[in-house]
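*Asks:* next one to model:
(chains A and B, ligands or ions: 2)
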Amino acid sequence: MSWLGQFFGKKETSSSVAKKRLQMVLVHDRNDISPGLLELIKDDIIQVIVRHLAIDPTSVVVNLNQDGPNSFLVAEIPLPGNSSR
Amino acid sequence: MSAKVITVTSGKGGVGKTTISANLATALAMLGKRVVAIDADIGLRNLDVVMGLENRIVYDLVDVVEGRCRLRQAMIKDKRQPELYLIPAAQTRDKMAVSPSDMILVCDQLRPEIDYILIDSPAGIERGFRNAIAPADQVLVVTNPEVSSVRDADRIIGLIEAEEKGPAHLIINRLKPEMVARGDMLSIADVLDILAIPLIGIIPEDENILVSTNQGMPLVMSSTNGVSASQAFRNVALRLTGQDVPFMDFSQKPGLRGWLKNLIGGR
Ligand SMILES: Nc1ncnc2c1ncn2[C@@H]1O[C@H](COP(=O)(O)OP(=O)(O)OP(=O)(O)O)[C@@H](O)[C@H]1O
Ligand SMILES: [Mg+2]
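*Replies:* Ligands and ions are numbered 1, 2, ... in the order given. The predicted model follows:
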């Protein structure tokens, strides 16, 4: 959406919402990984990491991404501490 | 010459398989091809009424498979096209009455004398679907430009590939160009982006389809030209014969409102 569109408060079209939702649901369908399974995997990852690092469990994000024909399991785990040097 | 077997399937029900099967079979017959349409939707037959042949049924596919009649006896000749036949499904049996190897056998018997065999598949991913794709040389997947239909199409496309019947070809049915222009319907590009299989047909929403179904006369037989479902069916039939036919242009000219919308950053 352009800045002008934003300025006029133009909403996202329902077809682009549909497309995004379809893309999301199909990555799960194609890999036979339910959102529930993803939650379980996330919990396990957190358990392993907290044994070594003092991370914030609530900030961990685990997602499925698709890039062309390939799917990826992507975990984002923000590290604690003063990384802002 | 040996027939090409084309199966029309979908994941979700009610997306237009039977309508498309009847119209493609008729359109191919109108091109002078010898065509047999087989209704593989056992227990829920409909291809007979859409083709207007319901009053001529004596034997059906299950009678053939179970040896109660010869294949020829179950082939109903069309009223208008001299080289078009229908093998109806049984109405009072279930899908287990026919097996994938039965379907292969029936098609192999037909192949030497026929140019195209069109199989109307039931919806779903079970036995009826497996029966319908077993003899297929080419599989057409029908979807509507709508979330649940596209999702189920994706599932069926995967199964077709797993059965080594791919790549399936896509028919997008019931497109409403004015809704696409408004941004309220998935576009052809959106659907192709998601499903990533070759496109073979775009059929617009057309109320004449209901009229022709009421009368039991496939729409392709009436001679509407221009941007119509009838012309779209004929184009798919030509593509099936190997001709390179450009896709119709459904894009809507934006009116003043559309133009303004574009100006302020629509797509
Ligand atoms: N392009 C179209 N424009 C308008 N109506 C359509 C179009 N295509 C199909 N229809 C209508 O949609 C309904 C369902 O079509 P049809 O019976 O062909 O679907 P199907 O996929 O065979 O269904 P099922 O899964 O139950 O076998 C019918 O009433 C038909 O007339
Ligand atoms: Mg049907």
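
*Asks:* go through the helix or strand encompassing B:Ser212 and flag the buried ones.
*Replies:* Under the criterion DSSP states H and E, the helix or strand holding B:Ser212 is helix B:208-215. Residues of helix B:208-215 classed as buried by neighbour count (16 or more other C-beta atoms under 10 Å in any protein chain shown): B:Ile209, B:Ser212, B:Thr213. In short, each C-beta sits where N, CA and C put it, glycine included.

*Asks:* residues in contact with that helix?
*Replies:* Taking C-beta atoms under 8 Å, 6 or more residues apart in numbering or on different chains as the criterion, the residues outside helix B:208-215 that touch it are B:Thr19, B:Val49, B:Val50, B:Gly52, B:Pro218, B:Leu219, B:Met221, B:Ser222, B:Thr224, B:Ser228, B:Ala229, B:Ser230.

*Asks:* do any residues in that helix lie close to ligand 1?
*Replies:* Yes. Under the criterion of C-beta under 6 Å from any ligand atom, helix B:208-215 makes contact with ligand 1 via B:Ile209, B:Leu210, B:Thr213.

*Asks:* what residues are up against B:Val227?
*Replies:* By C-beta under 8 Å, 6+ apart, the residues touching B:Val227 are B:Pro204, B:Met248, B:Asp249, B:Phe250.

*Asks:* any of those residues buried? List them.
*Replies:* Of the contacts of B:Val227, these count as buried by 16+ other C-beta under 10 Å: B:Pro204, B:Met248, B:Phe250.

*Asks:* beyond the helix holding B:Ser212, next helix or strand please.
*Replies:* For helix B:208-215, the following helix or strand on the C-terminal side (DSSP H and E) is helix B:229-240.

*Asks:* now that following helix, how far from the chain's geometric center?
*Replies:* For helix B:229-240, the gap between its own C-alpha mean and the chain's C-alpha mean amounts to 11 Å (C-alpha atoms, centre = their mean, to the nearest Å).

*Asks:* mind listing what's buried along that helix?
*Replies:* B:Ala229, B:Ser230, B:Gln231, B:Ala232, B:Phe233, B:Arg234, B:Asn235, B:Val236, B:Ala237, B:Arg239, B:Leu240.

*Asks:* lovely, talk soon.
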